[in-house]
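# Next come a sequence and a model predicted from it.
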Amino acid sequence: MGYTVLLSNTVNSDNTTNMEHMINEIKQDVGVMISHNDFYVIVCRKYEGDKTITYVTCPFPSCKLGFVDRLDKDLKSRKLDGVLEYRSDDNLDIITIDIEGKDLRKLVYVVEWSLYSISCLNRDEMTVPRKKLARQFLLATQHHWMTLEKYNLINSIQDEQP
């Protein structure tokens, strides 16, 4: 048929299975894109030596719209450290939320909840120019993230593995 079944556990030449390759792809600086009401963020994880840093990129003024404060509150309410660092330029905000390699699923869940909360409160703040900028950012970075749905699917398959 012309397609490869990635979920079969055949052993490759490097003695890894296809499932291990797919799981390893998640670990290679691939982010998770989350969206609600035209608000978009990407939760990313990068590895620097023995540090695992998780950060959120926001193509909207996250501090002005209350996302940074909401995220900090939601992280702390789940016994996490909260927002560790916030950096901003004209078009992009970067929020560091973890430097210890904590459970990425939990961090993604908290970011998703925080984004949902502020997107409902600030729906009118996402103007046409901001929407356009956000879509351009997503297009420019599309090879560096996966959708939340794909991330959840891969995690559910991983959970089913012996």
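Structure's in. What do you need?
# For the rest of this, base every contact and every neighbour count on C-alpha atoms.
Will do.
# Can you classify the residue nearest the centre of the chain by secondary structure?
In the chain, the C-alpha nearest the mean C-alpha coordinate belongs to Val43, at 2.3 Å (Cα atoms, centre = their mean). Using DSSP: H, G, I helix; E, B strand; the rest coil, the structure places Val43 in strand.
# Next secondary structure element downstream of the helix or strand of the chain with the lowest mean pLDDT?
Sorting the helices and strands of the chain by mean pLDDT, DSSP states H and E puts helix 18-26 at the bottom, at a mean of 45. Following helix 18-26 in sequence order, the next helix or strand is strand 31-36 (DSSP states H and E).
# CA atoms of that following strand as CSV?
The C-alpha trace of strand 31-36 is given here as CSV (Å, rounded to 0.1, in the frame of the first residue of the first chain):
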residue,chain,number,x,y,z
GLY,A,31,7.1,20.9,21.6
VAL,A,32,3.3,20.5,22.1
MET,A,33,1.1,23.2,20.6
ILE,A,34,-2.0,24.0,22.6
SER,A,35,-4.8,26.3,21.3
HIS,A,36,-8.0,27.7,22.7
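# Give me the pLDDT for Lys150.
Lys150 is assigned a pLDDT of 94 by the prediction.
# ok, and for the helix or strand where it lies, which residues are buried?
Element membership for Lys150 (DSSP H and E) is helix 148-160. Within helix 148-160, the residues that count as buried by 16 or more other Cα atoms under 10 Å are 148, 151.
# list the helices and strands it packs on?
helix 18-26, strand 31-36 (3 or more Cα pairs under 8 Å, 6 or more residues apart in numbering; DSSP states H and E).
# Determine the longest helix present in this protein.
The longest helix of the chain (DSSP state H) is helix 104-121.
# what is the orientation angle of that helix with strand 31-36?
Orientation of helix 104-121 against strand 31-36 (axes from the mean of the first three to the mean of the last three Cα atoms, to 10 degrees) gives an angle of 30 degrees.
# tell me which residues of whichever helix or strand comes after helix 104-121 are tucked away?
Remark: after helix 104-121, the chain's next helix or strand is helix 128-140, criterion DSSP H and E. By neighbour count with 16+ other Cα under 10 Å, helix 128-140 contains the buried residues 130-131, 133-135, 137-138.
# Could you do stretch 48-63 as well?
Residues 53-63 are the ones in stretch 48-63 that count as buried (16+ other Cα under 10 Å).
# contact partners of that stretch?
39-47, 68-69, 91-101, 130, 133-134, 137 (Cα atoms under 8 Å, 6 or more residues apart in numbering).
# Which members of the residues you listed are classed as buried?
Buried among the contacts of stretch 48-63 (16+ other Cα under 10 Å): 39-46, 68-69, 92-99, 130, 133-134, 137.
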